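Participant: Whatever this is, show me its structure:
(one chain, ligands or ions: 1)
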Amino acid sequence: IPVQPFDYVVFGATGDLTKRKLVPALYHRFMDGQFDEKSRIIGASRSKLSEAEFQKLVRDALEQFVEAEYRDPATIDRFVGICTYVPVDASKPEESGDLGKALRDDPKVVRAFYLAVAPDLFEPIAEYLSKKKLYRRDARVVIEKPLGHDLASSQEINDGVAKIFKEDQVYRIDHYLGKETVQNLLALRFANTLFEPVWNSAHIDHVQLTVAESVGAGTRGYYDESGALRDMIQNHMLQLLCLVAMEPPASDDANALRDEKLKVLRALRPITNGDVSRMTVRGQYRGVKSETAAVASYQDELPEDKKGSRTETFVAMKAEIDNWRWAGVPFYLRTGKRMAERVSEICIQFKPIPHSIFDHAEGAPKPNKLIIRLQPDEGVKLMMMIKDPGPGGMRLREVPLNLSFAETFAERTPEAYERLLMDVIRGSQTLFMRRDELEAAWSWVDPIREAWDRASEPPQSYTAGTWGPSGAIALIERDGRTWYEGT
Ligand code: BG6
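Facilitator: Got it, this is the predicted structure:
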């Protein structure tokens, strides 16, 4: 469905996010006909580029980050034709170009500002827009992490933006919410009758959330300031947890949904002081050297002045939700860099059957599991017990009811940013974080961080290419459970 025509101003237009994600996402939406030449993309940054130079940057980004099969020369020409550029330095208005001239003063043209810049520039840019009279009450502003490094700094960032923009104009991106499979969690839970009756502590033993990456932290400067807790748990993992744990909202209205997520965040049992070492494990990868391959350790990747860093590249934790639905059902979370494989998945482990009539049979019944695979090989699997065919008696076997997205749907799966960028134009905040959600997440994460900072022991070390430190295995095995690692 086509969206209204828009003027999308992208601050930080020469940056990595713009080239890797925003330009390709907009291109795909353009190619699919979701918008056309009535819309404009206006790059803005401190660099003094000409329009032609920016258009060249857009072309190069498409060349590099859009798969060859989707690079159609005629479409690229048309797309590049709607891209223009204005040099803007919010701190030096006198040296900036005239952004106002590039924007249309037509209420039917949606006005959106994407701030793909460091958060300390959010407030100056917002004020610049206001001073230059480019702010409109119906304009939208898009911001993205790092939205602070703790509750206080996140409040400061939000306050800065709120000086100009009202909450209903602010679109805080967590790109996990734009992933097709993450949105599918909503469909799975709330468009089927099957799961809701068993979606509670009476039937679910525990839940596992894994977001494992095989890549390392590399030389991304900011990672060392952040670490896995801030980089992945505070945002993506807690959002996933909310979608699994929340009560059914009354509608898909943005606030109805976000109210329910907020209730989950507020019901998370705080992990403080002495509990931190019992409920969390942090790790840092060490390198491996064999005759055929060598993987650097996290320490090796750091610049000289950062060596000895205790930043965690892995976190495992046990979270508990203090409400009726989830009392006594632990949520085990783990995420890390340089793990055995790239896989994000949610495993809902049901309780064992109350009584087995198959005690004499080979292979005791295993509890059902619902595996929601977010990436790669997106799909949903329900692990069931069946009778192994054959005359040999009642042998039981665990077999998946298997829904593979690739096999079921022929269409290309859109990238998260495609959906999110268009939702901004549609004015739909459902898949964006509200301020109170973000702050509730920081409030829960901060005491963990503080306890780690006080701790005398460093993160546990784990070998690159494994499932993390031994402490992560101990964390779950102490409870008589094991991490799900595929079947
Ligand atoms: C980002 C983190 O938010 O998410 C990165 O900053 C991480 O460290 C990335 O690699 C993972 O996203 P995806 O979409 O590849 O799972």
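Participant: shaky segments in the stretch 301-450 of the chain?
Facilitator: Of all residues in the stretch 301-450 of the chain, those with pLDDT under 70 make up the ranges 361.
Participant: the strands in it, which residues?
Facilitator: Assigned by DSSP state E, counting those that start in this stretch, the strands in the stretch 301-450 of the chain fall at 314-319, 331-336, 343-350, 369-375, 379-387, 396-404.
Participant: Can you get me a residue count around residue 398?
Facilitator: By the criterion of other CB atoms under 10 Å, residue 398 has 15 neighbours. No exception for glycine: its C-beta is placed from N, CA and C like everyone else's.
Participant: what pairs with it across the strands?
Facilitator: Beta bridges link residue 398 to residue 385 when assigned by DSSP bridges.
Participant: pretty sure it contacts residue 384?
Facilitator: Yes. Counting by CB atoms under 8 Å, residue 384 is a contact partner of residue 398 at 7.2 Å.
Participant: picking that back up, so can I have JSON lines of the strands of the stretch 301-450 of the chain showing distance to the ligand?
Facilitator: Supplementary listing: the strands of the stretch 301-450 of the chain in JSON lines, determined by distance: least, CB to the nearest ligand atom, whole Å:
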{"stretch": "strand 314-319", "distance to the ligand": "12"}
{"stretch": "strand 331-336", "distance to the ligand": "9"}
{"stretch": "strand 343-350", "distance to the ligand": "6"}
{"stretch": "strand 369-375", "distance to the ligand": "6"}
{"stretch": "strand 379-387", "distance to the ligand": "16"}
{"stretch": "strand 396-404", "distance to the ligand": "19"}
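Participant: Sticking with residue 276, tell me its helix or strand.
Facilitator: When secondary structure is defined by DSSP states H and E, residue 276 falls within helix 273-279.
Participant: what does the stretch 301-450 of the chain put close to the ligand?
Facilitator: residue 344 (CB under 6 Å from any ligand atom).
Participant: Whichever residue of the stretch 151-300 of the chain sits closest to the ligand: neighbouring residues, count only.
Facilitator: The ligand sits closest to residue 231 of the stretch 151-300 of the chain, with a gap of 4.7 Å, by CB to the nearest ligand atom. Residues lying near residue 231 (other CB under 10 Å) number 24.
Participant: which residues touch residue 58?
Facilitator: Contact analysis of residue 58 by CB atoms under 8 Å, 6 or more residues apart in numbering lists 23, 43, 79, 80, 83.
Participant: And it, how far from the ligand?
Facilitator: From residue 58 across to the ligand, the span is 22 Å (CB to the nearest ligand atom, to the nearest Å).
Participant: what does residue 74 give?
Facilitator: Where the ligand is concerned, residue 74 sits at a distance of 30 Å (CB to the nearest ligand atom).
Participant: quick revisit: name the helices or strands packed onto the helix holding residue 276?
Facilitator: With contacts defined as 3 or more CB pairs under 8 Å, 6 or more residues apart in numbering; DSSP states H and E, the packing partners of helix 273-279 are strand 314-319, helix 435-454.
Participant: at 10 Å instead, please
Facilitator: Helix 273-279 sits against strand 314-319, helix 435-454, helix 470-477, with contacts defined as 3 or more CB pairs under 10 Å, 6 or more residues apart in numbering; DSSP states H and E.
Participant: Out of those, which is the most enclosed?
Facilitator: strand 314-319 (a mean of 25; mean count of other CB atoms under 10 Å).
Participant: Partner strands of that strand and their direction?
Facilitator: For strand 314-319, the paired strands and their directions (DSSP bridges) are strand 280-286 (antiparallel), strand 331-336 (antiparallel).
Participant: What's the per-residue pLDDT of the closest residue to the residue of the stretch 151-300 of the chain closest to the ligand other than its chain neighbours here?
Facilitator: Ranked by CB to CB, 6 or more residues apart in numbering and with sequence neighbours excluded, the top spatial neighbour of residue 231 is residue 223, at 6.6 Å. The pLDDT attached to residue 223 in the predicted structure is 91.
Participant: repeat for residue 175
Facilitator: Predicted confidence (pLDDT) for residue 175: 96.
Participant: From residue 42, how far off is it?
Facilitator: 22 Å (CB to CB, to the nearest Å).
Participant: Those two: which is more packed in?
Facilitator: Neighbours were counted for residue 175 and for residue 42 using other CB under 10 Å; residue 42 has more, 23 against 18.
Participant: Turn the strands of the stretch 301-450 of the chain into a markdown table, columns for distance to residue 425.
Facilitator: Below are the strands of the stretch 301-450 of the chain laid out as a markdown table (distance: least, CB to CB, whole Å):
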| stretch | distance to residue 425 |
| --- | --- |
| strand 314-319 | 35 |
| strand 331-336 | 31 |
| strand 343-350 | 28 |
| strand 369-375 | 25 |
| strand 379-387 | 30 |
| strand 396-404 | 31 |
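Participant: Go through these and name the closest to residue 246.
Facilitator: Each of these was checked against residue 246 via CB to CB, and the shortest separation belongs to strand 331-336, namely 12.5 Å.
Participant: what number of residues lie near the closest residue to residue 271 other than its chain neighbours?
Facilitator: Counting by CB to CB, 6+ apart, the nearest residue to residue 271 once its immediate chain neighbours are dropped is residue 279, at 4.9 Å. Here the count is done by other CB under 10 Å, and residue 279 has 18 residues near it.
Participant: okay but residue 279 is in contact with residue 319, surely?
Facilitator: Yes. With contacts defined as CB atoms under 10 Å, residue 279 counts as touching residue 319 at a distance of 7.7 Å.
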